[in-house]
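Visitor: Sequence and computational prediction follow.
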Amino acid sequence: MHYDLDFKIKVIAYYRQGHTGHATAEKFNLDSKLVQKWVKQYQSGGIDAIKPQTSKAYYSGEFKHEVITTMLTQGLSQLEVALRYNISSPALISHWHKAYRLHGMSGLITKPKGRAAMTKPFITSKPDDEKTLAELKRENEYLRAEVAYLKKLDALLKAEEQAGKKQGSSKH
């Protein structure tokens, strides 16, 4: 669940009035670990550290490597490193650490999501007699695929048309 900035400030203010983390959590019906997290974030980075994220943060491979190196060399916990680098979720550091152990630096580089964009067809604007054999083969392969696609589309449209005629004749 996401909490707005005003709510977080109220929780932190109540805690700073001298109430325990447990009492604060009870008053606001929260998990005491969440209260402690907000208080630590606020202490380390002020208001900016507790502001809800407006967009998904992007971390470079170099940044992830620096975070993991700091954690390992200084013997810090994931929470301590998350607070130091203003990372919203300490669990993210665990994920990066595992990827680094398994794949090294390449495990820290963000892979593009989804399918790759369609490439341009292999048809060049050169006249046919100037194309290489490889270019002609690629173009031929592309054109065969296009014809097969159009045949399937035509068959599908005819089948839908036939189904529509059959449905229409049974109503009379």
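Guide: Received it, and whenever you're ready, just let me know what you need. Residues are numbered from 1 along each chain as shown.
Visitor: From Leu157, how far out is Lys151?
Guide: 11 Å (C-beta to C-beta, to the nearest Å). Just so you know, the C-beta spots here come from the backbone N, C-alpha and C atoms, and that holds for glycine as well.
Visitor: can you list residues touching both of those two?
Guide: Common neighbours of Lys151 and Leu157, using C-beta atoms under 8 Å, 6 or more residues apart in numbering, do not exist here.
Visitor: Give me the residues contacting the lowest-mean-pLDDT helix or strand in the chain.
Guide: Between all helices and strands in the chain, the lowest mean by mean pLDDT, DSSP states H and E belongs to helix 47-50, at a mean of 79. Here helix 47-50 makes contact (C-beta under 8 Å, 6+ apart) with Leu5, Lys8, Ile9, Ile12, Trp38, Gln41, Tyr42, Leu83, Asn86.
Visitor: change it to 10 Å
Guide: Residues outside helix 47-50 that contact it (C-beta atoms under 10 Å, 6 or more residues apart in numbering) are 3, 5, 8-9, 11-12, 37-43, 83, 86, 88.
Visitor: just those residues: which has the poorest pLDDT?
Guide: Among these, Ser88 carries the weakest pLDDT, at 75.
Visitor: So that residue, which state does it fall into?
Guide: When classified by DSSP: H, G, I helix; E, B strand; the rest coil, Ser88 comes out as coil.
Visitor: how many other residues sit next to Met71?
Guide: Other residues lying near Met71 total 21 when counted by other C-beta atoms under 10 Å.
Visitor: how long is stretch 116-131 end to end?
Guide: Stretch 116-131 stretches 27 Å from its first residue to its last (C-alpha to C-alpha, to the nearest Å).
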